[in-house]
Structures are given as structure tokens and as C-alpha cells.
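Student: sequence plus predicted model, see below.
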Amino acid sequence: MSDPFSSYAPGLDSPADDAAAVTPSNTVDLPTVARSLYVAGTGDVRVITAKGTTVTFTAVPAGYILPVRCRRVTTTGTTATGIVALW
């Protein structure tokens with residue numbers, strides 16, 4: 001398949017190149033640092049950012065793309081469902 005954008009370097013505001021369903025874990029990092037997270041079901045999302053800071057985003061609405069670079073979504077503190085990592 002032809003990709004007319006393959007020679008362009010992606011920027012932080014570029015669309016994601018790939019995605020994967022997230023299984024929250026207190027011990028296992030995502031396979032790739034995410035550029036953002038898609039949240040299908042309303043709730044809290046607790047992440048460890050790309051720089052190592054742990055933060056909880058509360059009351060994230062369903063269908064929201066959370067613009068945070070993160071290496072892990074933790075089980076503890078995450079109540080949102082249907083999370084997909086985008087990179």
C-alpha cells in the first residue's frame with residue numbers, strides 16, 4: 001500500500017502511527033512510550049509519565065484522548081475502561 005507521508009518526520013501534533021489496547025499494571029510498562037491514551041469508558045486514569053512522574057487524571061470522560069506521554073497505566077487508581085495507547 002502506498003503511504004505518501006512515509007518520508008515525513010512525525011511531530012507531536014501528528015496523528016498516531018500505531019495503537020494497542022492497554023492492560024493496566026502496577027509492574028509492567030507499555031511496550032512503547034505512548035504519545036496519548038484513548039479512554040473509552042469514563043473514570044480515573046493513573047499513569048507513570050515518560051519522565052517517571054506518577055499522576056492521576058480524575059473523571060476522564062468517555063471518548064476522550066488524554067494527551068500525556070506515559071510509560072505505564074497502573075491498575076491502582078485506574079477506573080476508566082477501554083484504554084488504548086497511541087504512538
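Tutor: On my side now, so go ahead.
Student: centre-most residue in the protein?
Tutor: Central residue of the chain (C-alpha atoms, centre = their mean): residue 37, 2.7 Å from the mean position.
Student: mind telling me what element that one is part of?
Tutor: For residue 37, the host element (DSSP states H and E) is strand 36-41.
Student: just the strands in this protein please.
Tutor: 19-21, 36-41, 43-49, 54-60, 64-66, 70-73, 81-86 (DSSP state E).
Student: check those for me and report the most buried one.
Tutor: Of all the strands of the chain, strand 70-73 carries the top mean neighbour count, a mean of 23, counting by mean count of other C-beta atoms under 10 Å. Every residue, glycine included, has its C-beta placed from N, CA and C.
Student: can you tell me what sits against that strand?
Tutor: Strand 70-73 is touched from outside by 22, 24-25, 28-30, 33-34, 37, 45-50, 52, 83, 85, with contacts defined as C-beta atoms under 8 Å, 6 or more residues apart in numbering.
Student: try it again at 6 Å.
Tutor: The contact list for strand 70-73, computed with C-beta atoms under 6 Å, 6 or more residues apart in numbering, reads 22, 24, 29, 30, 33, 34, 47, 48, 49, 50, 83.
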